[in-house]
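Undergrad: One predicted model, sequence on top.
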Amino acid sequence: MLGNATAGIALTLQAAGISGKRVAIPNNVCINVPMGVYFSGNQPLFLDICKDDFGLDPDLLATSIDRIDVVIAVHAYGIPCKIKQIESICKQNGVFLIEDLAVAQGATISGEAVGRFGDASIVSFGNGKIIDIGHGGAVLTNNRTLTKKLKELMHGFP
């Protein structure tokens, strides 16, 4: 749990040891996503989106993957992006994948909940979100090493 999802993006990138890298994000994303990328010492790389789901275009991602170090796949407006294709491209190329489900909590793809496809997922509880408590966020991951590093960064101790 964090103060907001922007901090979750920044801390996740730091915990993964990612610094000075290019992070692919959709070109229609809210300002908080590139802010989290900048706060972590990385550079956002804005990529075009698909018109049907407003998420990263997997075809464009595939042709650009050689200049990308990290992908933040955003499920926009409650609509899941093509996360299975994005996940496959990232895995094939050893690219770290963060799933942003700030406005898609509860959404599913073929019965699978969004937020389970990336190396980590970011959730927001801010104003206007699916679960709105006015502020807050969370990082979700099954990676124990990443979890340990996140805790160290958040609390200042191992």
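TA: Noted; the coordinates are in hand.

Undergrad: Low-confidence bits of the protein, can you list those?
TA: The model of the chain has pLDDT under 70 over residues 1, 3, 126-136, 156-158.

Undergrad: which residues of the protein fall in strands?
TA: Using DSSP state E, the strands of the chain run over 22-26, 43-47, 70-74, 96-100, 108-109, 112-113, 120-124, 137-140.

Undergrad: can those strands go into CSV with extra columns for distance to Val37?
TA: Heads up, the C-betas are built off the backbone N, CA and C, glycines and all. Shown next, in CSV, are the strands of the chain (distance: least, Cβ to Cβ, whole Å):
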stretch, distance to Val37
strand 22-26, 5
strand 43-47, 4
strand 70-74, 7
strand 96-100, 10
strand 108-109, 25
strand 112-113, 25
strand 120-124, 12
strand 137-140, 15
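
Undergrad: I'd like those strands laid out as TSV, including distance to Thr6 and mean neighbour count.
TA: What follows is these, written out as TSV (distance: least, Cβ to Cβ, whole Å; neighbours: other Cβ atoms under 10 Å):
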stretch	distance to Thr6	mean neighbour count
strand 22-26	13	22
strand 43-47	13	16
strand 70-74	12	27
strand 96-100	11	25
strand 108-109	25	13
strand 112-113	23	14
strand 120-124	9	26
strand 137-140	8	19
